[in-house]
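Trainee: what's the 3D shape of this:
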Amino acid sequence: MSSVIAATRFSFLDRSRTREGQDGPQALRDTVRLAQEVEALGYHRFWVSEHHSVPGVAGSAPTVLAAAVAGATSTIRVGTGGVMLPNHQPLVVAEQFGVLASLFPGRVDMGLGRSVGFTDGIRRALGHDKRDAEDFPGRLAELLGWIDGTQQTYPQVHARPAEGLRIPAYVLAIGDGAAVAAAAGLPLVIGDLRGRDKVLRAIEVYRRDFRPSARAERPEVIVSGTVAVAGTRQEARRLLVPEAWAMAYSRTHGVFPPLAPAERVESLTMTARERELYEQGLTGHIRGTEEQVAGQLETALKETGADEVLVTTSTYDRAGLLDSLRRLARLAHLPPAR
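Mentor: Numbers count the residues shown, from 1 in each chain. Okay, the predicted model is just below:
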């Protein structure tokens, strides 16, 4: 096994994608069950995401879902990838994570992003607009201040039970997020795993400008991306088909659909634009047999210098996904949970 892969942590981010013929509640139950399976395989952490009014995604309340995941597991770290700060008051976020960290001490991660709802209607319903994303550094500083007990804007107010707790914070990089993480002295979570030029430049800026803090003495980079491992390269490709089609459909119809079986997608008659976007969605990922994936991973890790890989694979075939995660755990020699 590659020494680079052996020195790398592997984790999983689940977006609670719905599948054709299943509803949102089933997708959420699948997320909790997957967390138990990922824990047994020896992955380092399991994160959940935040999306609002997206038909194909059930995960809209990440701290609530993280609580369910943490309650159903015992050793794996649990967190958010992420809570979108523009959508929430920092005090409320601090309180939510304070409750989580109090109930599950030493296991909770606070992954934070700056995205807002993707339509005007969603942003209005959330009571925010695109300008709120511009103040992400300020909102981040306020949130950390509530947890550290250093905020002075509201001297009579305290974020209980969060104040004084050690809750690890991570910045999800979108746009200039890498610079925000560096200035705050926080670990960086960034895509994609294949290390495209934009990502490599952002990582370089992050490491160059990183300011040591009480939360992180040195730069820490978590690179996220899709990894599909199967018995053959073609089988690995088929795992990517449902998500590739969902993305292509959303960009041509304005609706993000549930995941469809790969065989149905492959039988569709697509427009030229749909076909173009679909093929694009199948590229740029790490996929193949264990041997092929090991080589691709080693290259990606050397290029990015990442400390950790956050796998984000979504597919209709739940058994295929679990098999892929087993194969990845095996090639990375992850220690099974006890």
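Trainee: what's the burial count for Pro25?
Mentor: 10 (other CB atoms under 10 Å). C-betas here are computed from N, CA, C, even on glycine.
Trainee: without its sequence neighbours, what residue ends up closest to it?
Mentor: Ala58 (7.5 Å; CB to CB, 6 or more residues apart in numbering).
Trainee: hmm, Gln22 and the one you found touching each other?
Mentor: No: under the criterion of CB atoms under 8 Å, Ala58 is not in contact with Gln22, lying 9.4 Å apart.
Trainee: please say which of those two ends up with more neighbours.
Mentor: Neighbour count, other CB under 10 Å: between Ala58 and Gln22, Ala58 has more, with 24 against 17.
Trainee: who touches that one in this structure?
Mentor: For Ala58, the contact set (CB atoms under 8 Å, 6 or more residues apart in numbering) comprises 16-18, 24-25, 27-28, 31.
Trainee: in TSV: those, plus secondary structure and pLDDT.
Mentor: TSV is the format used below for those (DSSP: H, G, I helix; E, B strand; the rest coil; pLDDT from 0 to 100):
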residue	secondary structure	pLDDT
Ser16	coil	95
Arg17	strand	94
Thr18	coil	94
Gly24	helix	91
Pro25	helix	94
Ala27	helix	95
Leu28	helix	96
Thr31	helix	97
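Trainee: these: which two are farthest apart?
Mentor: Arg17 and Pro25 (13.5 Å; CB to CB).
Trainee: between the contacts of Ala58, which is closest to Val265?
Mentor: Relative to Val265, and with distances defined as CB to CB, the nearest of the contacts of Ala58 is Arg17, at 14.3 Å.
Trainee: how much space between that closest one and Ala329?
Mentor: Separation of Arg17 from Ala329 (CB to CB, to the nearest Å): 21 Å.
Trainee: His253 now?
Mentor: His253 sits 36 Å away from Ala329, taking CB to CB as the criterion.
Trainee: which of those two has more residues huddled nearby?
Mentor: Shown here are His253 and Ala329; by other CB under 10 Å, Ala329 has more neighbours (19 against 10).
Trainee: so the more buried one, which state does it fall into?
Mentor: helix (DSSP: H, G, I helix; E, B strand; the rest coil).
Trainee: quick check, it in contact with His44.
Mentor: No: counting by CB under 8 Å, Ala329 does not reach His44; the two are 11.0 Å apart.
Trainee: shared neighbours, these two?
Mentor: Contacts common to Ala329 and His44, judged by CB under 8 Å, 6+ apart, are Phe10.
Trainee: send the alpha carbons of stretch 200-208 over as PDB?
Mentor: Only the C-alpha atoms of stretch 200-208 are listed here, as PDB (Å, rounded to 0.1, in the frame of the first residue of the first chain):
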ATOM      1  CA  LEU A 200      -4.500  23.700  -6.000                       C
ATOM      2  CA  ARG A 201      -4.200  27.500  -6.100                       C
ATOM      3  CA  ALA A 202      -6.600  27.900  -3.200                       C
ATOM      4  CA  ILE A 203      -4.800  25.300  -1.100                       C
ATOM      5  CA  GLU A 204      -1.500  27.100  -1.800                       C
ATOM      6  CA  VAL A 205      -3.000  30.400  -0.700                       C
ATOM      7  CA  TYR A 206      -4.400  28.800   2.400                       C
ATOM      8  CA  ARG A 207      -1.100  27.300   3.500                       C
ATOM      9  CA  ARG A 208       0.800  30.500   2.700                       C
END
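Trainee: noted, bye for now.
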